[in-house]
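[1] Pasting the sequence and the predicted coordinates here, then a few questions.
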Amino acid sequence: MKTTKISSKLLNLIKQSSSFLIVGHINPEGDSIGSSLALALGLKKLGKKDICVLSKDPVPENLKFLPWARTIKRRRPAREFDVVVLVDCNSMERTGFETFRARKTAIIDHHVLPAETAKSPFYTSLSAGIIDPGAAAAGLLVFKVLKALKVELDKTIATNLYAAILIDTGGFRYSNSSPESLKTACHLVEAGASPWNISKEIFENIPFRGLKLLGLTLATLERKDGIAWITTTEDMFRETGTTSEDCEEFVDFPRKVKGAEVAIFFRQAGENVYKLSLRSKGKVNVRKIAKSFGGGGHDAAAGCKVTGSLKEVQNKVLKVARKALKETK
Ligand SMILES: [Mn+2]
């Protein structure tokens, strides 16, 4: 079993610092929010008093139940912190902020580090961190950091970490549902996380309007050559009174199509702008497809933004996806 080595540099940095700014990524989901909150709660248990969890975008409705979610700030505090810790992301751009007032910077993340980011002044001046694309969730890394710091898990920490891992493993269904993910989940349940309560809050809690939007979107379902795709337009958002927050999980539906290797969700985000979510059932590396359009992510789950009319965008992207699929044969 592959296990991440937790850098002693990071542990020392945490031990020696007293004020922490913890920041997740824009458009946050369970891993970003849960990992950030768990880290904050763990540091509190270590006696750290000055901790601020920051998120550029609001906490999604179905994650507001997470312990301490209401303490998350959206505006950067004016004061300077000892350390800023980026969680579930590895670049300034992904945080949605331009700068932070902090003497040191650290990262706890499981996304592939883009070559450009590795060269950025932000990254080269990094004080400590862990970036392990082999980890199923940033939550798993936070779990290890807290364990290495000898923080005793309680229900609030366990609930946040369980939610983080639950989301990033697709409810323990994806290929990253490793022995490590499941063992960690087991520890978290023992420490007080309640699987049904957490699943109910996250998965069985869709606003009525959101399901109406899903209905309109599913009517656009198409498939060709092992690729299945759906589209949500701005008209659909208007008709149902919804926003992009209501279609977070939509890409899961084309992936369910029998015979589909690649699933794509096209979401209109302006006159001639589309935000894409790409998913793979395993054969195709969709991060590479997303990268060719300036995006990124994981091998099996990635995203990018493409401009043009819907037809143009779909033609461009489907062409690249078809080529990627052919190369696997
Ligand atoms: Mn994550």
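    Done, it's in.
[2] can you list the residues of the stretch 201-329 of the chain near the ion?
    Residues of the stretch 201-329 of the chain lying close to the ion (CB under 5 Å from the ion): none. Bear in mind the C-beta positions are built from the backbone N, C-alpha and C, glycine included.
[3] can you map out the strands along the stretch 201-329 of the chain?
    222-224, 227-232, 262-268, 273-280, 296-297, 301-307 (DSSP state E, counting those that start in this stretch).
[4] How many residues are close by the residue in the stretch 151-300 of the chain that the ion sits nearest to?
    Using CB to the ion, the single residue of the stretch 151-300 of the chain nearest to the ion is Asp168, 4.6 Å away. The tally of other residues near Asp168 (other CB atoms under 10 Å) stands at 28.
[5] Make sure Glu152 is indeed in a strand.
    No: under DSSP: H, G, I helix; E, B strand; the rest coil, Glu152 sits outside any strand and is assigned coil.
[6] helix or strand for Tyr59, which one?
    One thing to correct before we go on: residue 59 is Val, not Tyr. Val59 belongs to no helix or strand when assigned by DSSP states H and E.
[7] before we move on, the earlier item: wait, doesn't the residue of the stretch 151-300 of the chain closest to the ion sit right on Gly139?
    Yes: in terms of CB atoms under 8 Å, Asp168 counts as a neighbour of Gly139; the distance is 7.1 Å.
[8] For the closest residue to the residue of the stretch 151-300 of the chain closest to the ion other than its chain neighbours, give me the pLDDT.
    In this structure, Asp168 finds its nearest non-sequential neighbour in Ala137, 3.7 Å apart by CB to CB, 6 or more residues apart in numbering. At Ala137, the model reports a pLDDT of 97.
[9] For Ala137, grab phi and psi.
    Dihedral angles of Ala137 (phi, psi; degrees, to the nearest 10) stand at phi -150, psi 150.
[10] Excluding chain neighbours, give the residue nearest to Ala38 in space.
    Asn160 (4.0 Å).
[11] any idea of the mean pLDDT for the strand or helix carrying the one you found?
    Per DSSP H and E, Asn160 falls inside helix 155-168. Mean per-residue pLDDT for helix 155-168: 98.
[12] That one - contacts with which helices or strands?
    Counting contacts by 3 or more CB pairs under 8 Å, 6 or more residues apart in numbering; DSSP states H and E, helix 155-168 is packed against helix 30-45, helix 138-148, helix 179-190, helix 195-203.
[13] Kindly present the ones you listed as JSON lines, with separate columns for distance to Pro60 and mean neighbour count.
    Below are the helices and strands packed on helix 155-168 laid out as JSON lines (distance: least, CB to CB, whole Å; neighbours: other CB atoms under 10 Å):
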{"stretch": "helix 30-45", "distance to Pro60": "8", "mean neighbour count": "27"}
{"stretch": "helix 138-148", "distance to Pro60": "16", "mean neighbour count": "26"}
{"stretch": "helix 179-190", "distance to Pro60": "21", "mean neighbour count": "17"}
{"stretch": "helix 195-203", "distance to Pro60": "9", "mean neighbour count": "15"}
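[14] Nearest to Ala324, out of those helices?
    With CB to CB, the closest approach to Ala324 among these belongs to helix 30-45: 25.9 Å.
[15] So what touches the following helix or strand past that closest one?
    Counting by DSSP H and E, the next helix or strand C-terminal to helix 30-45 is strand 50-54. With contact meaning CB atoms under 8 Å, 6 or more residues apart in numbering, strand 50-54 is reached by 18-24, 36-37, 40, 43-44, 68, 71-74, 76-77, 81, 97.
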